[in-house]
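> heads up, no residue letters with this:
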């Protein structure tokens with residue numbers, strides 16, 4: 001995919017979808033892996049989280065872009081569909097980055113690897129558009145806070 005050929009709305013939605021997916025998915029998976037060790041239950045929960053959140057983000061992109069186009073009367077309605085699809089697919093694809101270590105190593109074994117892989121992915125996602133280390137670090141720090149929150153909630157609210 002040639003980034004230079006993307007329209008600004010598409011680029012924004014791809015970055016937003018990937019970033020939100022990485023942060024949300026790693027935080028949720030880290031939190032639930034703290035309390036759920038049953039592999040099928042964990043994986044089902046993980047896939048449901050990614051699917052529902054991706055559909056929600058895609059719908060949100062479509063609805064917000066449609067509303068914006070309606071305010072600017074006369075603009076094409078095709079673009080909101082492309083923006084929504086961009087958001088949905090970037091969310092789904094990015095969601096598998098933090099999930100993959102759990103698929104290989106299980107709920108407890110995949111936790112640290114998932115966090116590390118996700119932090120690297122977030123750094124790269126933040127770094128690439130402007131080639132700024134500060135932007136990459138900002139994304140990684142925000143994700144670290146989400147991971148910590150997920151862990152704390154999972155630790156203080158055991159299911160048993």
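Sure thing, it's come through. Owing to the predicted nature of the structure, the values given are computational and were not obtained by experimental measurement.
> can we go C-alpha only for contacts and neighbour counts from here?
Will do.
> and the residue nearest the centre of the chain, what does it touch?
Closest residue to the average C-alpha location of the chain: residue 21 at 0.6 Å, with C-alpha atoms, centre = their mean. Contacts for residue 21 (C-alpha atoms under 8 Å, 6 or more residues apart in numbering) come out as 50, 53, 54, 91, 92, 94, 95.
> any idea how far residue 95 lies from residue 51?
Per C-alpha to C-alpha, to the nearest Å, residue 95 is found 9 Å from residue 51.
> can you give me the helices in this structure?
8-35, 39-71, 78-109, 111-130, 133-156 (DSSP state H).
> so which of those is the most packed in?
helix 8-35 (a mean of 23; mean count of other C-alpha atoms under 10 Å).
> that one versus helix 78-109: what angle between them?
20 degrees (axes from the mean of the first three to the mean of the last three C-alpha atoms, to 10 degrees).
> tell me the angle helix 8-35 makes with helix 133-156.
Using the same axes, to 10 degrees: helix 8-35 against helix 133-156 is 30 degrees.
> which residues touch the residue lying closest to residue 9 once chain neighbours are set aside?
Of all residues not flanking residue 9 in the chain, residue 83 sits nearest, at 6.5 Å (C-alpha to C-alpha, 6 or more residues apart in numbering). By C-alpha under 8 Å, 6+ apart, residue 83 lies in contact with 9, 10, 13, 58, 61, 62, 65.
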